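In: Based on what follows, work out the 3D shape:
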Amino acid sequence: MHYQKVNYLINGNKPGLFDLLTFLLSDIQLNRSNHIHANPYHMMKFTQTSTLIILFFAVLSPAFGQHTPDRLLWQADSLSAAMEEQVVEWRRDFHQNPELSNREYRTAGIVADHLRSLGMDVQTEVAKTGVVGLLEGQADGPVIALRADMDALPITEETGLPFASTVTDTLHGETVGVMHACGHDMHTSSLMGVASVLASMQDQLPGSIKFIFQPAEEGAFDYDIWGAKQMVGEGVLEDPRPEVIFGMHVWPFETGTVGYTRGAIMASVDNFSIHVAGRGGHGAAPWKTADPVVAASQIVNGLQTLVSRNAELTKGAAVVSVGSIRSGNRSNIIPEEAELLGTIRTHNEETRQLIHDRMETLVKHTAKAYNTQAELEIERLYPTVTNDAKLVDHMLPVIGSSLGAAHVKEIDPLMIAEDFSYYANEIPAMFYLMGIIPPNHEGPVEPIHSPRFDIDEDAIPIAVRTMSYLALEALFLRAE
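Out: Numbering: from 1, shown residues only. As a prediction, the model looks like this:
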């Protein structure tokens, strides 16, 4: 028992109630043999105190929860390995047949058929093309949720893989290539594998698991239906309501490594447009004009101070970037107007709102200083993805048992965005990054959204095992 106490202090392996009682009783026996027996009064008082402590822990035992039995983790490990060939096959099929946001009809059909084959109650057409399956365990037990996204990107693939996508589609009236350049093919296939693993253990589950296969994480494109936001709005986190939710994203670091944070892991994202109206004229006589190009240029410079001189960066990072400036069409004509397009990223809501407010003031007054007028429009998109610190701390030991503690790394928050935030705003959540670059990789590492992006398929059984472990641990920790 002394070993278990030390093990808890070093590795965070929380002892169960039985361990705590054993420790107390062993201490009583130790003290009895060493010195307490010399004084019967002290012995009586010590025994009474110890009894009260034991009763106290017995009353509070549900708060300590219980960890997943080792035999179930071993079973999940074996089942995950056995699923590898099937999950790889699914992944390659999805990769070769990608579908844009809100058009994931084929993918959703395959997912729904698989969940039904496992005996789940399945909902389809959630948020247009989403699929939700409920794996029912112990009737009065806790409920947790697992989520994967299904959509692809309007990118023409250049990987040269034998199962590379040659799919095209129409977007905004133009023909575009379609590619899984963000790993959603692996997200979907691996969660299907997790569903198979946990369904094989259904009669041993102390609660139920909701599997959420989400459309349109990459954006609404030509439909006004926004993936996670729409699913939450249609009640995906109700009837039954999960206590926690887990999500995963592939990331270009070494296979077998998981990255996590406590708190923000991905940024909020808002897009903005600024229209500057001036008075055009000949480039040889600028004093007769109100130049919107000069005004727009000064606005771009001023926007950089929103982060450097306004945001309290000790509370979290922030970025304001202008990605497009459009104005005029000739070298000797001062145009009538200019347009700026850009993005805002923050790691907390306070900084997000501060930048919105200050941007409005800065844009209007800078334009006025150059005898122009400016209109600002901000499109609020995804909130910050924020991990629940307590949930993360509870889950780290079981992730370590899946991968080895050296492969579980706390990382800095990223400035990219993910609509998993809509779930995390409703219930405690953990979103983590799964490495997919082989250890012996040579040459440049292609980032997500690259036409040459690919994954190491050795990461697939690791992803299945890790998510299965998390689901089991979350259920057992919450079961009474």
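In: Could you pull up phi and psi at residue 184?
Out: phi -70, psi -20 (degrees, to the nearest 10).
In: now do residue 359
Out: With angles defined as degrees, to the nearest 10, residue 359 sits at phi -60, psi -40.
In: So it versus residue 281, what's the distance?
Out: According to C-beta to C-beta, to the nearest Å, residue 359 stands 29 Å off from residue 281. (Glycine included, C-beta is placed from N, CA and C.)
In: So which of those two has more stuff around it?
Out: Neighbour count, other C-beta atoms under 10 Å: between residue 359 and residue 281, residue 359 has more, with 23 against 17.
In: now the stretch 51-200 of the chain, which segments are flagged as low pLDDT?
Out: Along the stretch 51-200 of the chain, the parts satisfying pLDDT under 70 run over 51-65.
In: Mind giving me the packing neighbours of the strand or helix carrying residue 463?
Out: Under the criterion of DSSP states H and E, residue 463 resides in helix 459-478. Helix 459-478 is packed against helix 70-82, helix 84-96, strand 143-149, helix 184-199, strand 244-254, helix 389-403, strand 429-437, with contacts defined by 3 or more C-beta pairs under 8 Å, 6 or more residues apart in numbering; DSSP states H and E.
In: If I take the shortest one and helix 184-199, what angle do their directions form?
Out: Direction vectors for strand 143-149 and helix 184-199, defined by axes from the mean of the first three to the mean of the last three C-alpha atoms, to 10 degrees, enclose an angle of 150 degrees.
In: starting at the chain centroid, how far to strand 143-149?
Out: Distance of strand 143-149 from its chain centroid, counting by C-alpha atoms, centre = their mean, to the nearest Å, is 11 Å.
In: any idea which helix or strand comes after it?
Out: Scanning forward in sequence from strand 143-149 by DSSP H and E, the next helix or strand is strand 168-171.
In: what does that next one contact?
Out: For strand 168-171, contacts defined as C-beta atoms under 8 Å, 6 or more residues apart in numbering pick out 99, 100, 103, 154, 175, 176, 177, 178, 221, 222.
In: Output stretch 326-341 in CSV with nothing but the alpha carbons.
Out: Coordinates of the C-alpha atoms in stretch 326-341 are reproduced here as CSV (Å, rounded to 0.1, in the frame of the first residue of the first chain):
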residue,chain,number,x,y,z
ARG,A,326,-8.6,45.2,-53.1
SER,A,327,-8.7,48.7,-54.7
GLY,A,328,-8.4,50.3,-58.1
ASN,A,329,-7.3,49.0,-61.5
ARG,A,330,-4.8,51.5,-63.0
SER,A,331,-1.6,53.1,-61.9
ASN,A,332,-2.7,56.7,-62.5
ILE,A,333,-6.2,56.6,-61.0
ILE,A,334,-7.0,57.1,-57.4
PRO,A,335,-10.0,54.8,-56.8
GLU,A,336,-13.3,55.6,-55.2
GLU,A,337,-13.1,52.7,-52.7
ALA,A,338,-11.0,50.0,-51.0
GLU,A,339,-11.9,46.7,-49.3
LEU,A,340,-10.0,44.8,-46.7
LEU,A,341,-10.6,41.2,-45.6
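In: List of residues touching that stretch?
Out: 271-284, 286, 289, 291-293, 295-296, 299-300, 322-325.
In: Please repeat the previous calculation with a cut-off of 7 Å.
Out: 273-284, 286, 289, 291-293, 296, 299-300, 322-325 (C-beta atoms under 7 Å, 6 or more residues apart in numbering).
In: cool, and stretch 218-229?
Out: 100-102, 127-128, 149, 151, 153, 171-172, 182, 214-217, 419-420, 422-423.
In: Name the nearest of the contacts of strand 168-171 relative to residue 462.
Out: Closest to residue 462 out of the contacts of strand 168-171 is residue 99 (26.0 Å), distances taken as C-beta to C-beta.
In: The closest one and residue 267, how far apart?
Out: Distance from residue 99 to residue 267, by C-beta to C-beta: 27 Å.
In: which one of these two has more residues nearby?
Out: With neighbours defined as other C-beta under 10 Å, residue 99 and residue 267 compare such that residue 267 has more, 28 against 22.
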